[in-house]
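**Q** Here is my input, please return the structure:
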Amino acid sequence: MSSKKIGNQQKAIIHLAKTQLGLDEDVYRDLLECVCGNGVRSSKDLDFGQYNKLIQRFTKMGFVIKPKESKGHRQPYLKSPDRDPGGLPSPAHLKKINDLYDQLGWVENERRIGFNRRVIKKPWPQNREEVNKIIEALKSMVARKQKMG
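**A** Okay, the predicted model is just below:
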């Protein structure tokens, strides 16, 4: 009699641990076989008992399951914990701003600078917090423009 296989949520946690611990594919597969028994080379082969053993091993290796943040809707570019609001804007941020300007038809730098001065009191954003303010304001304007016609 075989035990019930783990589901997608458990597989996701295993792969999160693999990433968090920096395990390459070979080390991960060897660890699976070592902890869970001969022949187990994939998370899809695990039952709940093996899953629990594997998570215990990952925890001893330093894996921490972090609870989800429940601060409402957050933009994808803010999810990473290494994103300091005071850090420099990323190229993706600047591309997003330029794409939004283009959607509004603002090709002149004077118009863009004027808008930035109204929103952040500076001609151009100097950090991620300022970039995010501009992006959110521009997204609202694009949405209004599309709604009006």
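
**Q** what comes up buried for the biggest helix by length in the chain?
**A** If you go by DSSP state H, the chain has its longest helix at helix 128-148. Judged by neighbour count (16 or more other CB atoms under 10 Å), helix 128-148 contains these buried residues: Arg128, Glu130, Val131, Asn132, Ile134, Ile135, Ala137, Leu138, Met141, Val142. Where you see a C-beta, it was placed from the backbone N, CA and C, and this is true even at glycine.

**Q** Test my guess that the first one contacts His93.
**A** Meaning Arg128. Yes - if you go by CB atoms under 8 Å, Arg128 and His93 touch, sitting 6.9 Å apart.

**Q** any residues in contact with both of those two?
**A** Taking CB atoms under 8 Å, 6 or more residues apart in numbering as the criterion, Arg128 and His93 do not both touch any residue.

**Q** returning to that earlier point: a markdown table please, covering the buried residues of helix 128-148 and showing pLDDT.
**A** Formatted as a markdown table, the buried residues of helix 128-148 follow (pLDDT from 0 to 100):
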| residue | pLDDT |
| --- | --- |
| Arg128 | 87 |
| Glu130 | 91 |
| Val131 | 91 |
| Asn132 | 91 |
| Ile134 | 95 |
| Ile135 | 94 |
| Ala137 | 94 |
| Leu138 | 95 |
| Met141 | 93 |
| Val142 | 93 |
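
**Q** And those, which is closest to Gln103?
**A** Nearest to Gln103 among the buried residues of helix 128-148, counting by CB to CB, is Val142 at 5.0 Å.

**Q** Give me the nearest residue to that closest one, chain neighbours excluded.
**A** Nearest non-adjacent residue to Val142, counting by CB to CB, 6 or more residues apart in numbering: Gln103, 5.0 Å away.
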